[in-house]
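J.: everything below, folded, please.
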Amino acid sequence: MYCEDASGAYSLHFDKFSDDRGSGLVPVTESSVLDDEKVGGVKMGVASSEAKTMAALKSHSEAERRRRERINAHLATLRDLIPHNEKMDKATLLAEVINQVKHLKISATQACKDMHIPLDSDEVKVEMVVDEGKPLIMASLCCEFRHDLMSCIRKAIDELGLKVFKCEISTLGGRVKIVLLIKNGSNNINMESWDALKVSIHGAFNNILKSISESAEFDQQLMYPKKRRRF
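T.: Sure thing, here's the model as predicted:
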């Protein structure tokens, strides 16, 4: 493109845009550079997100594999404890294990009854028995061991005017079971009086259990006091 200057001479100036169009080149502007940088940043962000997702999936798969291995190891241990388990699937194996545990629990309970072994639950039982032709009352108390337990039982027996003929005490894991054979001071007593006496003994032993339970809760509150709420 020719332009006339102040002296009247002509000079040749190149038109940038016409030259670009003629040569087929696309002009590079600042906005296009920024757009390219944004696109590159987005691509890098997507790649980073995909890498994190793959790492999380890999970690989850590894944790799941270890969990399955632990389950299979425990199932193998159970198979060794159950007889005739060659063709048992997992559901049948677990059902058989449950039945075995229930059977063992019933057997243990029956053994504890015969041997006066303390149970896990608090219990009071009072029944009438005959020893050498003489009627007696067998009263049993099962609970947590307390140092003042025997003194409480003795006090209850004395208040009812009874005498202890025989006493058996067994302890296990902080639990205690006390079995008493009690006889009445009076020789002439009818069946109705025996029934009333059984009810009285049962009520007295229940009061002892209640007292022990309340004392245990109080001790626990002293050891682990509740924090005061802030207002």
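J.: and Ala111, how far is that from Asp122?
T.: Computed as CB to CB, to the nearest Å, the Ala111 to Asp122 distance reads 19 Å. Backbone N, C-alpha and C define where each C-beta goes, glycine included.
J.: these two: who's more crowded?
T.: Asp122 (16 against 10; other CB atoms under 10 Å).
J.: isn't the more buried one up against Cys142?
T.: Yes: between Asp122 and Cys142 there is a contact at 6.2 Å, judged by CB atoms under 8 Å.
J.: show the average pLDDT along stretch 174-181.
T.: Mean per-residue pLDDT for stretch 174-181: 91.
J.: which of the residues in it are buried?
T.: 175-181 (16 or more other CB atoms under 10 Å).
J.: format those as CSV; extra columns: distance to Glu62 and secondary structure.
T.: As requested, the buried residues of stretch 174-181 are exported to CSV (distance: CB to CB, whole Å; DSSP: H, G, I helix; E, B strand; the rest coil):
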residue, distance to Glu62, secondary structure
Arg175, 45, strand
Val176, 50, strand
Lys177, 51, strand
Ile178, 56, strand
Val179, 57, strand
Leu180, 61, strand
Leu181, 64, strand
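J.: and these, which two are furthest apart?
T.: With CB to CB as the measure, no two of the buried residues of stretch 174-181 lie farther apart than Arg175 and Leu181, at 21.2 Å.
J.: low-confidence bits of the protein, can you list those?
T.: Applying pLDDT under 70 to the chain picks out residues 1-47, 85, 112-115, 185-189, 216-231.
J.: the strands in it, which residues?
T.: Ranges of strands in the chain, per DSSP state E, are 2-4, 10-12, 123-131, 134-144, 162-172, 175-184.
J.: what about Leu149, distance to Glu159?
T.: For Leu149, the distance to Glu159 - CB to CB - is 16 Å.
J.: neighbour count winner among those two?
T.: Neighbour count, other CB under 10 Å: between Leu149 and Glu159, Leu149 has more, with 18 against 10.
J.: start to end distance for stretch 116-128?
T.: One end of stretch 116-128 sits 17 Å from the other (CA to CA, to the nearest Å).
J.: what does it contact?
T.: The contact list for stretch 116-128 (CB atoms under 8 Å, 6 or more residues apart in numbering) reads 109, 111-112, 135-144, 168, 170-173, 175-177, 179, 194, 198, 201-202, 205-206, 209, 213.
J.: and the residues you listed, which are buried?
T.: Buried among the contacts of stretch 116-128 (16+ other CB under 10 Å): 112, 136-143, 175-177, 179, 198, 201-202, 205, 209.
J.: which parts of this protein are helices?
T.: 16-23, 30-81, 90-115, 149-159, 191-223 (DSSP state H).
J.: just checking, what packs against the last one?
T.: Read it as helix 191-223. strand 123-131, strand 134-144, helix 149-159, strand 175-184 (3 or more CB pairs under 8 Å, 6 or more residues apart in numbering; DSSP states H and E).
J.: so can I have a markdown table of these showing distance to Lys58?
T.: Shown next, in a markdown table, are the helices and strands packed on helix 191-223 (distance: least, CB to CB, whole Å):
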| stretch | distance to Lys58 |
| --- | --- |
| strand 123-131 | 55 |
| strand 134-144 | 51 |
| helix 149-159 | 60 |
| strand 175-184 | 50 |
